[in-house]
Each structure stands twice: as C-alpha cells, then as structure tokens.
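S.K.: sequence below, structure please.
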Amino acid sequence: MTSRSVNLRGALLLLLTLAVAGCVTTTDSPFAREADREKAVENYVKLATAYIGQGNLERARHHLDRALKLDPDDPAAHAALGLIYNAQGESELAEKSFRRALSEDADYTRGRVYYGAFLFAQGRMAEARDQFQAASEDTEYDDRGSVFFNLGMTQERLGALDQAAAAYRRSVELSRGEARALLALSRVLVAQGQFEAASRYYSRLTTIIQRNPRMTHSAESLLTGIQIARHFNDRDQEASLALLLKNEYPGSAEYQQYKVLISNDQ
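M.R.: Residues are numbered from 1 along each chain as shown. You can find the predicted model right below:
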C-alpha cells in the first residue's frame, strides 16, 4: 500500500519498538526532585520507551539510567533496557534484562510481551509461545488482541494449527476485526481445509480493504483469496485476484505458488 499492505511479516518486530503515546519532551528539571519517586521512575521509563520508538537509543538510555538510579529493581526500566540491548544486537544482555524484569514482577505483562517477541525473533518458538500464553491471561492488559495474534503466530510456526486458529479468532474478537488478524485466521483455516469459515473471515478482510483507500492487498492476501475462490470454483474471482497478483507481485513467492497451483490443473 502506499502505505500499508495487509502483510504479517515483521509484525512481531513492532513490539520491540513500541512507542508510548504522547510527545517526547526534554526538561532541565529532574524528575528526581519530585516528591513521588515512583511517579518519577514511571515518567523516566515512558520517556525512554518513546525515544526507543524513535530509534534514539542514547537519549533512551539516559532516561533509563535515571530511572534505575531511583529504583534499581523497577521491572519496567529493566524491560525497556532489554529493548535497547536488543536493538544494539546484544542478545545476551537483552535476555538478561527481560528476565530480570520478570523476576522483579512476574505479573508485568508488557515485559512478558517484550520477552516473547525477543524469543520469537531468536527462533525459540516454544519459549515464545509460553510467554505469550501467560501474557494472554492478563485480562486487564490494554492490547490483548496483539498478544493473541503473537500467540497465534508462534503456534502456527510450531505446526499447531488448531491452537493457532483459536488464538487468531481471539485476536479478531478483541481487535474488532483487525486486518492482519483476519488474514492470519483466513490463511490458517484454508490450510486446515475449513473453506466455509475461511471465506467468511476473508470477506470481512476484503470489505476493510475496499473501504480504506490507504490499504491494498498483499501477495499473501491475494493468494489466500485465490485458494478460497478455487475451492468454490469461482473462476471470475480467481482470475481477478490472480491478475492482481501477477501485476503487483510478479516476483513474489506467492505468485510462484499460484503458478504451481495452475500447473497442477494441466
């Protein structure tokens, strides 16, 4: 898309650069002078996380150092430090920081999500699944839809398609039909041969794309639609999606898969 295409790739990496809403400000009045030390630590961590989202690791580290000076055991500060180490390619230090955050507060769900994303990126799927599973149980967490989406991705990578579909369904419900969750669920249902259900979710996805001028199909969503159309012998729909796939993504793996599909018909 001009902007955004409905694609799952790279979804987990976004979690490692999560930005806190609001603008980044600087001040010469140190938070440490405020009476409320706990609030001061929270503010430093928020600033640090926002700077991490902007890629300004030096400023982020500066604020985290201040937070940890006030409270050396603060879990949010250690989790954010893990993000910095991860961005710098220091995997061992990143993991140590994530684990320290959870040792200080086993109920710190955001830190658990960060750690799960780190493990996913490391290819440690079973461990990532366990972290996301635990995080998904926090009913007060403000982004449970994304947690279930990440859980679905790990289950899918582990070949547990039933569990992946269940997690994606929860993500669809909690995110009120977010495009990436609809596509993931449609794709897994196709892989399971559940074409009726896949068609329903895929129809919701195409409606979202049609209503949003900033969104277009990805190669992945086109191939998923083609597979559904072929199952229902909808030649017009298949031809339409196949033409888009050929014109927009001629070098994609999905287009190569489509060519294999049609060659099998001959």
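S.K.: and the protein, what are its domains?
M.R.: 36-106, 123-215, 221-265 (the TED database).
S.K.: which among those domains is found nearest to Arg112?
M.R.: domain 123-215 (4.5 Å; C-beta to C-beta). C-beta here means a position set from N, CA and C on the backbone, and glycine is covered the same way.
S.K.: could you work out the end-to-end span of the closest one for me?
M.R.: 30 Å (C-alpha to C-alpha, to the nearest Å).
S.K.: what sits against Tyr255?
M.R.: By C-beta atoms under 8 Å, 6 or more residues apart in numbering, the contact set of Tyr255 is Ala219, Leu223, Leu245, Lys246, Tyr249.
S.K.: which of those residues lies closest to Asp65?
M.R.: Out of those, the member with the shortest distance to Asp65 (by C-beta to C-beta) is Ala219, at 44.1 Å.
S.K.: give the contact list for that closest one.
M.R.: Contact analysis of Ala219 by C-beta under 8 Å, 6+ apart lists Asn7, Leu245, Glu248, Tyr249, Ser252, Ala253, Glu254, Tyr255.
S.K.: distance to Tyr115 and mean pLDDT added to the domains of the chain, as JSON lines?
M.R.: Listed next are the domains of the chain as JSON lines, based on distance: least, C-beta to C-beta, whole Å; pLDDT from 0 to 100:
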{"stretch": "domain 36-106", "distance to Tyr115": "4", "mean pLDDT": "97"}
{"stretch": "domain 123-215", "distance to Tyr115": "5", "mean pLDDT": "97"}
{"stretch": "domain 221-265", "distance to Tyr115": "30", "mean pLDDT": "96"}
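S.K.: mind checking pLDDT for Ala219?
M.R.: At Ala219, the model reports a pLDDT of 98.
S.K.: please shift the residue numbers so they start at 32 in all later answers.
M.R.: Okay, residue one is now 32; in that scheme the one you just asked about reads as Ala250.
S.K.: distance of it from Tyr280?
M.R.: Ala250 is 4 Å from Tyr280, where distance means C-beta to C-beta, to the nearest Å.
S.K.: equivalent analysis for Glu187, please.
M.R.: Distance of Glu187 to Tyr280, computed by C-beta to C-beta: 22 Å.
S.K.: kindly report the same for Ser234.
M.R.: From Ser234 to Tyr280 the distance is 22 Å (C-beta to C-beta).
S.K.: with neighbour numbers in mind, choose between the two.
M.R.: A direct count of neighbours by other C-beta atoms under 10 Å for Ser234 and Tyr280 places Tyr280 higher, at 19 against 14.
S.K.: list the contacts for that one?
M.R.: Contacts of Tyr280 (C-beta under 8 Å, 6+ apart): Ser249, Ala250, Leu253, Tyr286.
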